[in-house]
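Asks: Fold the stuff below for me.
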Amino acid sequence: MLDNLDFLRRFAAVAEHGTIHRAAEVVGISQPALTRSIKLLEEQVGAALFERRSRGVHLTPLGERVLAQARHLIRESQLAETEILSYREGEQGTFRISAAPVWMTAILPQVVAQLHRQFPSLAIQLEAANYSEALPKLANAECDAFFGGFQRIEALQSFLVRRPLFHSHLQILVRKGHPIFFHDGITPDHLLEYQWVSFQSDGAYLDAARQAVQARTGKSITAAVQCDSMLTALELLRQGDYLALLPSSFLFSTYGDGLTAVHSGLDTIVFESGPIFRRSLLSNSAFTRLLELAENRAKVLGLLS
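Replies: Numbering: from 1, shown residues only. Okay, the predicted model is just below:
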């Protein structure tokens, strides 16, 4: 049914741009030809894919589902073309990677630099994202791989592979020499005496800290500082008497210089971390090399148990 890639590309262009006029310009065909392609695709699926409105078109519920499949098929076609070209011209093409902060700062920069020495024609697109943000992008073929913590384990589409590499621990991080260490035996109550930093790209961190502290003390914590940059959050911890619940993996890299973990009697939150990627990439020599380099980098940092 969805076997005409030209039709699927045209359909995806209309969905993205919202008008036949703009999509026709982008695709490079006439508006009547584009309209006919959409009509034929609708005949194949047996229902309308768009609702026609005065200012353009809007996907129907079925259209939303067809778009997800269309993006998947288009991306698989692109990867297949790249694979074929690689035999003649060497590995090339583009990897679109989403990654959580630990991976984005402490692991992937070194990995990508090493990868490019072996595959200089590759293009890499890196985007910061947490698990909840990346999973829909993987499902909709908007990225090829996610590297980060698996904040929950759930069934994945058959075309995706989850590969845990190490366990990530969420712990309370502070600067070395923080006044909290002046206490003779740190308890959850001592955590209420200091200001907290919240890394807002993943509010779940502060929520987890709030729930844990409230369960032990009956009192709640709030964030004195909220920021969207992990590097800023780490620097705030170095510069002030703040506390933050963050992955202790940072302590294994230079990004954690001057920081340490506080052991207050709260349970450490543990989850698996690693890549989730398109299954078809297992046949791509550049991507399998990327996976090897990522594992080696995690080993060098002491993250592998």
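Asks: okay, which residue of the protein is out on the far edge from center?
Replies: Distance from the C-alpha centroid of the chain, by C-alpha atoms, centre = their mean, peaks at residue 184 (40.7 Å).
Asks: Now do the strands in the stretch 151-300 of the chain.
Replies: 160-162, 166-175, 195-199, 223-227, 242-247, 259-262, 269-278 (DSSP state E, counting those that start in this stretch).
Asks: can you give me how far the first one is from the chain middle?
Replies: Translated: strand 160-162. 13 Å (C-alpha atoms, centre = their mean, to the nearest Å).
Asks: for the second one, same thing?
Replies: Once both centres are worked out by C-alpha atoms, centre = their mean, strand 166-175 turns out to sit 19 Å from its chain's centre.
Asks: do the same with the fourth one
Replies: Averaged C-alpha coordinates place strand 223-227 at 23 Å from its chain's average position (C-alpha atoms, centre = their mean).
Asks: strand partners of it, parallel vs antiparallel please.
Replies: If you go by DSSP bridges, strand 223-227 pairs up with strand 195-199 (parallel).
Asks: Could you dump the strands of the stretch 151-300 of the chain into a markdown table with distance to residue 188 and mean pLDDT added?
Replies: For the C-beta atoms, the positions are set from N, CA and C on the backbone; glycine is no exception. A markdown table is the format used below for the strands of the stretch 151-300 of the chain (distance: least, C-beta to C-beta, whole Å; pLDDT from 0 to 100):
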| stretch | distance to residue 188 | mean pLDDT |
| --- | --- | --- |
| strand 160-162 | 34 | 94 |
| strand 166-175 | 10 | 94 |
| strand 195-199 | 13 | 94 |
| strand 223-227 | 17 | 93 |
| strand 242-247 | 12 | 95 |
| strand 259-262 | 10 | 96 |
| strand 269-278 | 15 | 93 |
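Asks: Out of these, indicate the one that is most buried.
Replies: strand 242-247 (a mean of 25; mean count of other C-beta atoms under 10 Å).
Asks: Which neighbouring elements make contact with that one?
Replies: Strand 242-247 is packed against strand 166-175, strand 195-199, helix 204-217, helix 230-239, with contacts defined by 3 or more C-beta pairs under 8 Å, 6 or more residues apart in numbering; DSSP states H and E.
Asks: Next, the angle helix 230-239 makes with that strand.
Replies: 140 degrees (axes from the mean of the first three to the mean of the last three C-alpha atoms, to 10 degrees).
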